[in-house]
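Trainee: let's see this in three dimensions:
(4 chains)
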Number of protein chains: 4
Amino acid sequence: MAQQDWTTSITKTGAGELRVRGYDINSMIKGLSFAQTIYLILKGELPSEAEARMIEAMLVSSIDHGITPPSNLAARTVMSGGNSLNSSVAAGILCIGESHGGAIEQCARILQESVAAGRSAAEVVAWHKERKIRLPGFGHRIHERDPRTTTLLEVADACGFTGDHIRLAVGMMEELEKGSSRKLPLNVDGAIAAVISEMGFDWRMGKGFFIIARTPGLVAHVFEEWSTQKPMRKLGPLGGHYDGPEDRDLPQG
Amino acid sequence: MAQQDWTTSITKTGAGELRVRGYDINSMIKGLSFAQTIYLILKGELPSEAEARMIEAMLVSSIDHGITPPSNLAARTVMSGGNSLNSSVAAGILCIGESHGGAIEQCARILQESVAAGRSAAEVVAWHKERKIRLPGFGHRIHERDPRTTTLLEVADACGFTGDHIRLAVGMMEELEKGSSRKLPLNVDGAIAAVISEMGFDWRMGKGFFIIARTPGLVAHVFEEWSTQKPMRKLGPLGGHYDGPEDRDLPQG
Amino acid sequence: MAQQDWTTSITKTGAGELRVRGYDINSMIKGLSFAQTIYLILKGELPSEAEARMIEAMLVSSIDHGITPPSNLAARTVMSGGNSLNSSVAAGILCIGESHGGAIEQCARILQESVAAGRSAAEVVAWHKERKIRLPGFGHRIHERDPRTTTLLEVADACGFTGDHIRLAVGMMEELEKGSSRKLPLNVDGAIAAVISEMGFDWRMGKGFFIIARTPGLVAHVFEEWSTQKPMRKLGPLGGHYDGPEDRDLPQG
Amino acid sequence: MAQQDWTTSITKTGAGELRVRGYDINSMIKGLSFAQTIYLILKGELPSEAEARMIEAMLVSSIDHGITPPSNLAARTVMSGGNSLNSSVAAGILCIGESHGGAIEQCARILQESVAAGRSAAEVVAWHKERKIRLPGFGHRIHERDPRTTTLLEVADACGFTGDHIRLAVGMMEELEKGSSRKLPLNVDGAIAAVISEMGFDWRMGKGFFIIARTPGLVAHVFEEWSTQKPMRKLGPLGGHYDGPEDRDLPQG
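Mentor: Have a look, this model is predicted:
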C-alpha cells in the first residue's frame, strides 16, 4: 500500500512559527478569547460577535453536572486506582458515548437532515413514533425542565440565531408533549444540537462541543479526588452529596 | 471497609437546579465567558478582569501544534482504526504525559517550592546542574525561541502578574544560557508554569490547563481525520504537511 | 430514578473466597489452563478438550502483527509521551475499532444470522454485492493469502468444528473470488468469526477475543518502547524494520 | 531532529509471513498454548515446561475479582455511557494504576534490588519501617489471608521456583507480622512479584502480567453490562451482589 501523505489544514508549524487556520499564534494570544479560538479551530474562520457570544454560552452551560454523570464517576474511579490526571480525564471522555452527550450529534443530524428535506415537526415526530424510535435530545433523567435549555434558547434569540433548526426543535418538543402526560422537554443536548445546526456546524462535531465544555469539569473532579481523597476508596453515585460554597449571586456588572 | 461518602465541593445538582461553586448555571450562561467559568471551576472563585484575561491568553497559546505532537498522532491513529470521536480525543489526552505537557507541573512545582524556600535562580540551576537533572520548562525540540513564550510573558506583564515566580523562571533561563552555546529558552510549558504559579494555582493543576487548552485542537484533528480520510491508512509524522489557509492577519479591532 | 442493584453472574467474592462461575479460584489455579479459564469466564461453562484446543489456537494466532497495526502505533506513541504501561496498553485497545479487529464481530453477526435464516453463501454474497457493501472478514491490506487462516481452519477441522458457520464462510470466499481477478481471501478476522460462531459465542463477543489475544502483544511493544527508547521520538510506520531473532523452528516435541 | 528508525525485535511481518521472536505463526498456532506464547512474546524465548505451568497459574489467579475492583466499575461505567466494548475494556485497563495492580511492579523492584544487593528480609522491612513507607505487596483490603497466595506459592514450589526472591518475600511477611496485631499477609500482587522475579522478568513487566490476566475478566464484565443492562444506570459498589451459578467443583481429571 502506498504511503499517504499526512496533510492537515488546521495548524502550520515551523521553526519559530505557529499559525492556526492562517493566523499567527501571537496575534491570537493578544487578540482572541479562548471561545473565539475554539470556533476558529473547529470552523476554519473567525466568529462574528454574535457567534462568539453563542459559543461562550454553550460551553458554559455544559461545564459540569456534579456527581451524577457517569463520566465523572469513571474519571474519579481511574484516579482512585492511582493513575495520572491525564489518564483520569481521558477515562471521563471515554465515557461520553451514545447515551451520554451523544444525543447532541444524533439530534443535530435529524435537525439538519429534516430542515434540508423540508420536513415539518409533526412529520419528524410521527415518523419516529411509528417506528418507536426515541427522539434524541428530548427528556432528562433528573430534570423535568432542564434549567439550561430555556436560558440557552434566550441567548440564541438575543444573538439572532433563531432560524429553521431551532424552530424545528421547539416544534418537535410541542408535538411530543401533545396528548402525553409525560414531560419530554427539549434538553440541553437538544438545545445545543439546534444551536450548532443554526450556526452551520456539521452534526459530527456535536459531541466535540460537549467534550470541550466538559473537560474543565473533569479536570476539577479529578483534581478534587487527587488532592482530597485516599486511593482505592469505594466510589459510587449513592450517598454522594455537595459540600461546597453556599448559594450565591454573580456580582452585578 | 466502611463506605465513604462521595462528597464534592464543585457542583450542586437537584431537580431543576445546577450551581457551580455556588453560582446558578443560568446566571453563568448569561454573565460569564467560558474562560471565566474555567477559572471558577478550577479555583473555586471568580477571576478578576486581569486573571480572566491571563487565562484566555494561556488557553489560546496551547490550542494546537499541528502534526508534530504525539497526542495528535495518537488521536488520529485511534480514529483511523474506526473508533468514535470521544475515544479518539481520549487517546490524545492519554498521550499528554510526563514528557508531553508534563513539564508544566514539574516546572510549577520547582518554582513554587523554590519561591517558598527563598532560593535564587542561581541556586536552583546549580542544584540541578550538579545532579545532572534536566530542568523542565526549558528548551524545545523544534523552536529555538518559542514564539509563544515572549507573548505570554508580555500579557502577564500587562496584567500585572510579573511577581516572584515569573522573575525566578526568567532568571533561571538566563543562568542556564550563561556560558552555554546551546539555547535553553523558557518554553511555553515553563511560561505557563510561571504564570499559574503567580496566580496561586496548585502545581498539580498544571497539566490540567494544557489538557483543557489542547482538547479543542484534538477535536479538530479527529474531526478532520473522520471527515476527510479513509480508515486504516498509514499515519506518521513523516511526509506530513499543511494545506490549509494562507497566512493572514486578524482584522483590526 | 430508582437505584438499580449492581448484580453480576461472573465472580463471587467474600472474605477469603473467590469463585469464578461457581468454581473456586484455588482449584482453578491448580487445575485449569489460562485458555480454559478464558473460555469459562466468557461462556459460563468449562470447555471440552476440543474447545480448549481451539481457543488456544485462536488466541495464539492474533497475539501480534509487528509494527504494521495502528494499535501498536497508538500504544507506543502514548508511552513515548511519558505515560504509564497501563495507559499505553489502553491506548492500543482504544484503537481496536470497527476497521481494526471489528470485522470479527461484523462477520460473526452475518454468519450467525445467515445460518439461522438458512441463507446460502451465494445469497449472502449477492445481497451484499447488490448493495455494494464490503463483506467484513475477507481481504487483507498486506497478505494475499493470510497465512493464519488456513492453519486455523485446519485446527478447527481437526477439533471437529467444521459445521454450518465455517462452511458458509468458506463458501462466501469462493463466491467472492468467482470471476474476480482480485484475491478476497477469508482473512484471520473472518476465520475467527466463523470459529467462534461454530462454538456458540454471541457475535458481540467477537472483538473481545481479539482484544484478549492482542493484549500480550501490546504489553510487549509498550515494554520495548519503555525499556529501549527515548521519550518524544518521531514514531511512524515508515522506516520501521525488524531486528529480532533470526528465523527459527519450534523444538520437536 | 533526525528521524529515528522504528525498530522492533518482537515480530517480523511480510507478505504471507508472520514470525514472533523468530518462530513461524503457523507452527505456533499448532504447537504452542496461549500461555507459552505469552511467555515467548514477553521474554523472547520459549518457556520450559515448569515455566509454562507457572505462567498458567499466575494468569488464572488474577482473571477477575468480581464487582469489588475499581477497574470493573470504570469499564462498566464507560459501557453504560453508550460506548464500544474496546473503549470500555480500555477504561478498565486505564484504572490499573499505582494503587490497583501497581504493587506487583513496586514489590518486584524491591525484591530484585534487595536480592541483588544481598539484603535480608529484616533489613528490608526495617528500612521501610524507619521511613514509614508501606511495603507494596503485603495486606489486602478484603481478605485477611488472600486465598490465592498460598496456592500460587504451592505451585511455585512444585515447579521448582522457590529461590531467593520468594524466600525474601515470605521472610518479609514474617518480619512484618512480628509483634503486630494486624495481619499483613503477602497478597496476590506480592506473590506474583516474587514469582516473576524468580523467573527472571524485569520488574517493569509486573503490571503487564496483571493486565494480561485481567483483560478476559474485563471483557466478561463489559459484555455482561452490554447484553443485560440499560445504558446510563446508576452504577456503584453498593448493593452489588452475585447472582451466577452455585458453588461447584471442577470435574476430577
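
Trainee: C-alpha only now, for contacts and for neighbours.
Mentor: Noted.

Trainee: quick one: mean pLDDT over stretch A:206-222.
Mentor: Averaged over stretch A:206-222, pLDDT sits at 98.

Trainee: er, stretch A:51-61 actually
Mentor: Mean predicted lDDT for stretch A:51-61 stands at 98.

Trainee: what residues does that stretch touch?
Mentor: A:35-36, A:39, A:148, A:152, A:155-156, A:159, A:192, A:199, A:209-210, A:212-213, B:25-26, B:28-30, B:32-34, B:37 (Cα atoms under 8 Å, 6 or more residues apart in numbering or on different chains).

Trainee: in helices only, show me those.
Mentor: A:35-36, A:39, A:148, A:152, A:155-156, A:192, A:209-210, A:212-213, B:25-26, B:28-30, B:34, B:37 (DSSP state H).

Trainee: at which residues are the strands of the stretch 151-253 of chain A located?
Mentor: A:241-242 (DSSP state E, counting those that start in this stretch).

Trainee: OK, now which residue of it is nearest to chain D?
Mentor: A:Gly236 (4.0 Å; Cα to the nearest Cα).

Trainee: that residue against A:Ala74, yeah?
Mentor: No - using Cα atoms under 8 Å, A:Gly236 is not in contact with A:Ala74; the gap is 9.7 Å.

Trainee: of those two, who's got more company?
Mentor: More crowded of A:Gly236 and A:Ala74, by other Cα atoms under 10 Å in any protein chain shown: A:Ala74, with 35 against 24.

Trainee: list the contacts for the more buried one?
Mentor: A:88, A:91-92, A:95, D:73-75, D:77-78, D:91.

Trainee: related to what we said a few turns ago, what's the separation between the residue of the stretch 151-253 of chain A closest to chain D and A:Arg248?
Mentor: Distance, A:Gly236 to A:Arg248, by Cα to Cα, to the nearest Å: 28 Å.

Trainee: next: A:Gly200.
Mentor: For A:Gly200, the distance to A:Arg248 - Cα to Cα - is 36 Å.

Trainee: correct me, but A:Ser197 touches A:Ile110?
Mentor: No - using Cα under 8 Å, A:Ser197 makes no contact with A:Ile110, being 10.0 Å away.

Trainee: who has more neighbours, those two?
Mentor: It is A:Ser197, of A:Ser197 and A:Ile110, that has more neighbours when counted by other Cα under 10 Å, with 26 against 19.

Trainee: so what's the more buried one up against?
Mentor: A:108, A:111-112, A:165, A:203.

Trainee: so what's it scoring on pLDDT?
Mentor: A:Ser197 is given a pLDDT of 98.

Trainee: can I get the contacts of A:Ala74 in CSV with pLDDT?
Mentor: Putting the contacts of A:Ala74 into CSV (pLDDT from 0 to 100) gives the following:
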residue, pLDDT
A:Ser88, 98
A:Ala91, 98
A:Gly92, 98
A:Cys95, 98
D:Leu73, 94
D:Ala74, 96
D:Ala75, 97
D:Thr77, 96
D:Val78, 97
D:Ala91, 98
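
Trainee: out of those, which sit inside strands?
Mentor: Among the contacts of A:Ala74, no member is found in strands (DSSP state E).
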